[in-house]
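In: one predicted model, sequence on top.
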Amino acid sequence: MLSIGHEHLLVKGRYVGGLTCDVCDRSYRDGISRDLSIQDGFSCHECDFSVHTKCIYVFDILETTKHPSHDGHFVRLLTTGAPDHTDPKCHLCGENTKRLLYHCSICDLNLDIGCMVDALSQLNMPWHYHPLLMLDVGNYMLCEVCGNPGKYGYCCPRCSMMVHEKCVSAFDSIEITCSCHTKHSLKLLTEGAPDYTDQKCHLCGKETKNLLYHCDICKFNMDMVCAIQSPIPLALSNLKVHEHTLTLIPRLISFVCDGCGEKGDRSPYVCFQCDLMFFHQECAHLPRVIHVNRHDHRVSYKYPLGPGDWRCEICLKNIDWSYGAYSCSLCLQYTLHSRCATSKRVWDGIELDGIPEEVEDIEPFKMNDDNTITHFAHEHNMSLNKDGVALEESILCGGCVRPIGSDSFYSCSECSFILHEICSNLPKKKRHFLSPQPLSLILNKDNGGGFCCACCLRCCDGFMYTDGNNTYDLLCSSITMPLIHGSHPHPLLYLERDDYGYMDACNCCKKGGELDLGCSQCKYYLDFLCATLPVTVSLHRYDVHPLTLCHGEKETRGKYWCDICERETNPETWFYTCYDCGVTLHVSCVVSDIRYAKPGGKTIGDIELVLNNTSSRPLCNNCHCRCLAPFFLVNESGLYCSVYCLEGVQEEVSSSDVFSGYFSF
C-alpha cells in the first residue's frame with residue numbers, strides 16, 4: 001500500500017474501465033494500454049481516488065519540491081484538493097485546481113499540475129507538445145523506444161511516457177522511410193495510434209503505446225522497436241521448419257499458420273514456392289528438435305503431422321494433422337501443438353538439432369556387493385529391511401519426513417539416517433511441468449534446516465526438487481498432468497497466468513494466486529495448497545476414526561461446528577469430517593502450513609519446531625489462540641502456531657497471504 005501524500009492508504013489492484021486516473025485524467029479503459037479493459041493501479045477504498053501505477057511514481061518523485069516563482073518555500077503534492085481555507089484556483093494561471101495540486105502550507109499557495117510541470121521543464125522536443133522532465137523514475141517506467149527500465153530519462157508526467165537520454169537521438173527526424181512500407185513515409189506520433197486504425201503495431205502485433213510511426217494514407221502503424229531497435233527482416237532463409245526462403249507481407253491480412261495451425265491477422269511470412277504457405281513471424285523460427293518438461297524423450301517438429309486422431313498432451317485439445325506439430329519418435333502417440341511445445345513454461349529455449357543425445361545418470365544409489373546401497377544423499381552404506389515390523393511413530397524417513405510405519409526401508413548402521421524404500425528410489429533428476437529446466441533431487445540438510453515449497457508455500461524438510469531457482473516438495477513435484485481431482489469431474493491442467501501474474505480465485509480457499517491448476521471450460525481453479533490437501537487424515541487425539549476431506553455441501557440444514565476449535569464452520573466450503581462420528585472440522589484445524597518436519601529441527605531461518613503434544617496447548621503470540629497444529633514455532637520474538645502467524649497477519653498483499661484462507665479465524 002502507498003500514501004504519496006494522500007490521507008488514506010492506496011490499495012494496488014486491477015480495475016475495470018470506467019475509473020479515471022486522478023493524475024493523467026484518463027480512464028483505465030483508455031489509459032496506457034488502450035486495448036485492455038483492465039488496468040493496473042491504486043485506489044482509495046475510503047474516497048473516490050484512483051491512479052495508474054505508472055502515474056503514481058512520477059508524482060511520488062515530485063512529492064516535495066521547489067517552484068521558481070515561489071522562492072524560499074517548498075510546495076507539496078496534495079491528492080485531496082485545495083485546503084478549505086484557501087482559494088481553490090491556481091495562483092499562476094487562475095484555473096480551478098483539481099484533486100491533484102501542489103500547495104505551500106506557509107503561504108497557502110496553490111499550483112495545478114500543469115503549471116508545476118511547465119515550470120520544472122528541462123527539455124522541449126518538437127515531436128512532443130508537452131515539456132519533458134529529466135527524472136530518475138527507477139524501474140517503474142519503461143523507455144518508449146528501447147523498452148528497457150527507466151532509471152534516468154526524459155519523462156512526460158501527463159502522458160506517462162519516458163525516453164532514455166540516449167534514445168532521444170532516435171527522433172532526429174519525425175518522418176522516416178522504411179523498407180517494409182515503401183509506398184509512403186511514416187510520421188512520428190506521440191499520443192498513440194489514431195482511433196480509425198488498428199491500435200497495435202501492424203508488424204509485430206504488440207502495443208504501440210504513446211510513440212509510434214504512422215502512415216495516415218494506409219492506416220499503417222509501426223512501433224519503435226520495429227522501426228529502430230529490431231527491424232523485422234523482409235526475407236528469411238536457412239530455416240529449421242521450411243526449406244525455402246520466406247517473404248514478409250507487411251500488412252493486415254487474415255491467415256492460418258502452417259507452422260502451428262492457429263489463425264493470424266497481420267504480417268505473415270509467406271513461401272511463394274509452396275502455393276502460399278503462411279507462417280507467423282515467431283513460427284518461422286520454430287526449432288526442429290527440443291526437450292519439453294512434460295516428457296523424458298526429445299520431440300521433433302514435423303510438417304504436416306500426418307493423418308490420425310492426435311491430441312496435444314499439454315492442453316488436451318485436438319491437433320489438426322494437416323499443419324505442423326511436435327511428436328516423439330519413441331512414443332508414437334505423444335504429440336504437441338507447436339505453440340504449446342515452445343511455450344516458455346514448457347521449453348528451456350535450447351535447440352537440440354545436431355546435438356547428440358546424452359544418457360543422464362538419474363539412478364539415486366548404487367548396489368554394493370554386500371547387498372547394501374550407497375545413496376547419493378548419505379555418506380554411509382545402507383541396508384534394506386523388509387520384515388514388515390511397524391516402527392515407532394517417532395521414527396521418521398529422512399526423505400519424506402513421515403513415519404516409517406511397517407513399510408520396507410533402508411537404514412544406516414552407523415547413524416540414525418533411514419529412508420523408505422520408495423523414497424530411496426526417487427530419481428536424482430526428472431522433467432516436470434513446474435519448470436522448463438530439469439529438476440534435481442537434493443537433501444535439505446545444508447539449506448538452513450528447512451525450505452518453503454514454491455507451489456504450495458508450505459514449509460518442509462527432507463528431500464526436495466530444485467531447478468536452481470525454486471524448490472518444490474515431494475508432493476507437489478509428484479503431481480502429473482492432467483491432474484484427476486476428486487473435487488471436479490474434468491481433468492485439471494496447469495494454467496497459464498494472466499498478464500498480471502494472477503489467476504481467478506481458488507474454489508476451495510477463495511484466494512487468488514500465481515500458480516493454479518484448473519479447468520478453463522468450467523472456470524474451476526485450485527491452487528497447489530488446496531489441490532494437495534490429503535484426502536484422509538488420522539488425528540487420534542481428536543477422533544479414533546480417519547477423517548475424510550469433503551468438498552462442500554450445497555444443501556445444508558442448521559449450523560456446523562468444528563470439534564477442535566469449537567467455532568462455526570461453513571459447510572459450503574471444504575472441511576474434514578468423520579463419517580462414523582459425524583463431526584466437522586476446519587481444514588486449518590486439521591492441516592498445518594508446516595507439511596513434514598522433524599521436532600526440534602529448524603525451519604526457514606532460525607525458527608525452532610516444537611512438538612505440540614502436551615496436555616496444555618500454548619498460546620500464539622499473534623492470533624492469541626491455542627496452538628492446534630502438531631508443531632508450534634519458537635524464535636527470539638516468541639511462540640507462534642503457524643508460519644502464517646509468524647509472518648504476521650497484515651493488510652499488505654504478500655506471498656503468505658494464500659494461507660489466510662485456512663490459517664486465520
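Out: That came through fine.
In: hang on, isn't residue 520 packed against residue 495?
Out: Yes - in this structure residue 520 lies within contact range of residue 495 using C-beta atoms under 8 Å: 6.7 Å. Bear in mind the C-beta positions are built from the backbone N, C-alpha and C, glycine included.
In: between those two, which one's more packed in?
Out: Higher neighbour count among residue 520 and residue 495: residue 495, with 16 against 13, using other C-beta atoms under 10 Å.
In: can you show me the CA trace of stretch 93-105 as CSV?
Out: Provided in CSV are the C-alpha atoms of stretch 93-105 (Å, rounded to 0.1, in the frame of the first residue of the first chain):
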residue,chain,number,x,y,z
CYS,A,93,-3.0,30.5,-14.3
GLY,A,94,-6.2,31.3,-12.4
GLU,A,95,-7.9,28.0,-13.4
ASN,A,96,-9.7,25.9,-10.8
THR,A,97,-7.4,23.2,-9.3
LYS,A,98,-8.4,19.6,-9.2
ARG,A,99,-7.9,17.0,-6.6
LEU,A,100,-4.2,16.8,-7.5
LEU,A,101,-2.2,20.0,-6.9
TYR,A,102,0.8,21.5,-5.2
HIS,A,103,0.4,23.6,-2.1
CYS,A,104,2.6,25.7,0.1
SER,A,105,1.3,25.4,3.7
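In: which residue ranges of the stretch 501-650 of the chain form helices?
Out: For the stretch 501-650 of the chain, applying DSSP state H, counting those that start in this stretch gives helices covering 528-531, 587-590, 643-647.
In: what does the first one rub up against?
Out: Yep, that's helix 528-531 we're talking about. Helix 528-531 has contacts (C-beta atoms under 8 Å, 6 or more residues apart in numbering) with 453, 455-458, 476, 479, 483, 485, 492, 506-509, 515, 517, 574, 658-659, 662.
In: then that helix to CSV, C-alphas only?
Out: Output in CSV follows, covering the C-alpha atoms of helix 528-531 (Å, rounded to 0.1, in the frame of the first residue of the first chain):
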residue,chain,number,x,y,z
PHE,A,528,-1.4,-26.1,-5.1
LEU,A,529,-2.1,-25.7,-1.4
CYS,A,530,-5.7,-26.9,-1.8
ALA,A,531,-5.0,-29.4,-4.5
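In: buried ones in it?
Out: For helix 528-531, a neighbour-count test (16 or more other C-beta atoms under 10 Å) marks 528, 529, 530, 531 as buried.
In: can you list these in CSV and add distance to residue 369 and pLDDT?
Out: Output for the buried residues of helix 528-531, formatted as CSV (distance: C-beta to C-beta, whole Å; pLDDT from 0 to 100):
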residue, distance to residue 369, pLDDT
528, 43, 88
529, 46, 85
530, 48, 87
531, 44, 89
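In: circling back: do you know which of the helices of the stretch 501-650 of the chain lies nearest residue 543?
Out: For the helices of the stretch 501-650 of the chain, the distance to residue 543 is smallest for helix 587-590, at 10.2 Å, taking C-beta to C-beta.
In: count the residues that sit near the closest residue to residue 376 other than its chain neighbours.
Out: Excluding its sequence neighbours, the residue lying closest to residue 376 (C-beta to C-beta, 6 or more residues apart in numbering) is residue 364, at 5.7 Å. Residues near residue 364, counting by other C-beta under 10 Å, number 20.
In: please apply the same query to residue 610.
Out: By the criterion of other C-beta under 10 Å, residue 610 has 16 neighbours.
In: need the buried residues of helix 528-531 in TSV with distance to residue 174, can you?
Out: As requested, the buried residues of helix 528-531 are exported to TSV (distance: C-beta to C-beta, whole Å):
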residue	distance to residue 174
528	52
529	54
530	55
531	55
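In: pLDDT weak spots in the stretch 501-650 of the chain?
Out: For the stretch 501-650 of the chain, the stretches with pLDDT under 70 are 501-503, 512-515, 540-541, 554-557, 593, 595-606, 628, 644, 647-650.
In: the stretch 151-300 of the chain: helices as residue ranges?
Out: Counting by DSSP H, counting those that start in this stretch, the helices of the stretch 151-300 of the chain are 224.
In: now residue 430, nearest residue through space, not along the chain?
Out: Looking at residue 430 with C-beta to C-beta, 6+ apart, the closest residue is residue 439, at 5.6 Å.
In: for that neighbour, give me the pLDDT.
Out: On pLDDT, residue 439 comes in at 94.
In: report how many residues lie close to it.
Out: When counting by other C-beta under 10 Å, one arrives at 23 neighbours for residue 439.
In: check contacts around it.
Out: 429, 430, 431, 432, 465, 466, 467, 472, 477.
In: residue 568 against residue 558, yeah?
Out: No - if you go by C-beta under 8 Å, residue 568 and residue 558 don't touch, sitting 10.8 Å apart.
In: need the pLDDT of residue 96.
Out: The confidence metric pLDDT takes the value 83 at residue 96.
In: quick check: it touching residue 88?
Out: Yes - look at residue 96 against residue 88 with C-beta under 8 Å: they come within range, at 5.9 Å.
In: any idea how many residues pack against the residue lying closest to residue 320 once chain neighbours are set aside?
Out: The shortest distance from residue 320 to any residue other than its chain neighbours is 4.8 Å, reached at residue 261 (C-beta to C-beta, 6+ apart). Residue 261: 20 surrounding residues under other C-beta under 10 Å.
In: same deal with residue 199?
Out: Each residue near residue 199 was counted by other C-beta under 10 Å, and the total is 16.
In: quick check: it touching residue 207?
Out: Yes - using C-beta under 8 Å, residue 199 makes contact with residue 207 at a distance of 7.5 Å.
In: could you pull out the strands for the stretch 351-500 of the chain?
Out: If DSSP state E, counting those that start in this stretch is used as the criterion, the strands of the stretch 351-500 of the chain fall at 365-367, 372-375, 381-385, 409-412, 418-420, 429-432, 435-443, 451-452, 459-460, 463-466, 471-472, 493-494.
In: reformat those strands as CSV; add distance to residue 346.
Out: Below are the strands of the stretch 351-500 of the chain laid out as CSV (distance: least, C-beta to C-beta, whole Å):
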stretch, distance to residue 346
strand 365-367, 30
strand 372-375, 31
strand 381-385, 37
strand 409-412, 35
strand 418-420, 31
strand 429-432, 10
strand 435-443, 6
strand 451-452, 25
strand 459-460, 26
strand 463-466, 17
strand 471-472, 17
strand 493-494, 10
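In: for residue 538, find the nearest of these.
Out: The closest of the strands of the stretch 351-500 of the chain to residue 538 is strand 418-420. By C-beta to C-beta, the value is 17.9 Å.
In: centre of the chain to that closest one, how far?
Out: Its chain's average C-alpha position is 35 Å from that of strand 418-420, according to C-alpha atoms, centre = their mean, to the nearest Å.
In: ok, now stretch 275-286?
Out: Remark: stretch 275-286 is offset 30 Å from the chain centroid, using C-alpha atoms, centre = their mean.
In: now the end-to-end length of it.
Out: With C-alpha to C-alpha, to the nearest Å applied, stretch 275-286 spans 20 Å between its terminal residues.
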